[in-house]
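K.L.:
Next comes the sequence, and after it the predicted model I'd like to discuss.
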Amino acid sequence: MSILLDPSYQHMLLNGLGMTLLISVIVIVVSNLLALPLAIYMQRPDGVFRRLIIAYSFFARAAPVLALLFALYYGLPRLGIYLEPVPSALIGLIFASTAYNLEFLRSGFESVPAGQLDAAKALGLKPFAIYWKVMTPQAYRLAAPSLFSNAIQMVKGSSLASLVAIDELTAASTTIIAETYKAIEVLLVVSVFYLLIAAVIICLQYLYESRQRLHRR
């Protein structure tokens with residue numbers, strides 16, 4: 001592990017880690033914010049945009065994320081549209097992650113007992129209050145394991161950003177390996193970084209679920 005004592009390589013790895021965290025946090029937060037209104041809208045059986053949302057969800061989950069990133073970064077310039085590497089990666093990852101979170105939340109809403117909705121209406125709650133105070137908290141509780149798992153997948157998926165010229169953690173490790181030929185040492189450290197990030201998300205999941213269990217007593 002002597003290679004990691006080199007300040008220049010430490011700097012590269014830490015900068016890469018910072019970029020990985022930045023991309024991951026933005027993707028996780030924005031994809032959840034976008035997925036919620038879409039999932040709520042999907043509860044309307046006659047919604048005008050329902051088919052459009054279904055088509056988006058199908059395409060975003062079926063298309064490889066790498067293909068999306070390549071299309072944004074390398075394909076759009078052929079149409080005269082030029083995106084910087086970071087926006088390209090964020091748009092592609094958010095596009096894919098939102099579709100998964102949409103389906104998880106949609107399933108969560110549909111798993112809430114129908115009696116909850118009927119009781120809220122009987123109490124005279126307006127539609128916004130029904131979803132904000134009654135339906136959404138229960139949907140998130142039911143969808144939490146899938147949402148947190150998707151967050152971990154997005155952290156690992158952020159490594160694809162290295163293929164569109166972003167110096168995140170995987171890109172930094174590739175550069176160091178190319179210069180030193182010590183792949184095992186570098187990959188071991190990078191794996192530990194990803195493991196720690198995933199561990200934090202898993203801990204947050206357990207804290208959330210523990211809090212929900214306490215509120216239900």
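P.N.:
Perfect, thanks for sending it.

K.L.:
what comes into contact with the stretch of helix or strand Ala119 belongs to?
P.N.:
Per DSSP states H and E: Ala119 is located in helix 114-122. Under the contact criterion Cβ atoms under 8 Å, 6 or more residues apart in numbering, helix 114-122 has outside partners Ala129, Ile130, Lys133, Val134, Met135, Gln138. Placement of C-beta: from N, CA and C, glycine included.

K.L.:
Now do the helices for this protein: every range, in order, please.
P.N.:
For the chain, the helices defined by DSSP state H cover 7-41, 50-62, 65-70, 85-111, 114-122, 127-129, 136-157, 169-180, 183-216.

K.L.:
and the most centrally placed residue in the chain, what does it touch?
P.N.:
Against the mean C-alpha coordinate of the chain, by Cα atoms, centre = their mean, the closest residue is Ile28 at 3.7 Å. Neighbour list for Ile28: Ser97, Ala151, Met154 [criterion: Cβ under 8 Å, 6+ apart].

K.L.:
Burial check on the second one, number of neighbours?
P.N.:
Which is Ala151. Here the number of neighbours of Ala151 (other Cβ atoms under 10 Å) works out to 24.

K.L.:
got a list of what it touches?
P.N.:
Residues in contact with Ala151 (Cβ under 8 Å, 6+ apart) are Ser24, Ile28, Ile201.

K.L.:
same thing with the first one?
P.N.:
Applying Cβ under 8 Å, 6+ apart, one finds that Ser97 lies in contact with Val27, Ile28, Ser31, Asn150, Met154, Gly157.

K.L.:
got JSON lines for those residues, with pLDDT too?
P.N.:
Shown next, in JSON lines, are the contacts of Ser97 (pLDDT from 0 to 100):
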{"residue": "Val27", "pLDDT": "95"}
{"residue": "Ile28", "pLDDT": "95"}
{"residue": "Ser31", "pLDDT": "95"}
{"residue": "Asn150", "pLDDT": "93"}
{"residue": "Met154", "pLDDT": "92"}
{"residue": "Gly157", "pLDDT": "87"}
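
K.L.:
where's the residue sitting furthest away from the middle of the chain relative to Phe109, distance?
P.N.:
In the chain, counting by Cα atoms, centre = their mean, Ala122 sits farthest out from the average C-alpha position, at 36.6 Å. Look at Ala122 and Phe109: by Cβ to Cβ, to the nearest Å, they are 19 Å apart.

K.L.:
again with Leu72
P.N.:
Taking Cβ to Cβ, one finds Leu72 at 30 Å from Phe109.

K.L.:
circling back to that earlier point, single out the most deeply packed of the helices of the chain.
P.N.:
helix 85-111 (a mean of 21; mean count of other Cβ atoms under 10 Å).

K.L.:
mean confidence for that one?
P.N.:
Confidence for helix 85-111, expressed as mean pLDDT, is 92.

K.L.:
wait, doesn't Val155 sit right on Leu22?
P.N.:
No: using Cβ atoms under 8 Å, Val155 makes no contact with Leu22, being 11.5 Å away.

K.L.:
The closest residue to Ile152 other than its chain neighbours and Leu163: what is the separation?
P.N.:
Excluding the flanking residues, the one nearest Ile152 by Cβ to Cβ, 6 or more residues apart in numbering is Ala198, at 5.0 Å. Ala198 sits 21 Å away from Leu163, going by Cβ to Cβ.
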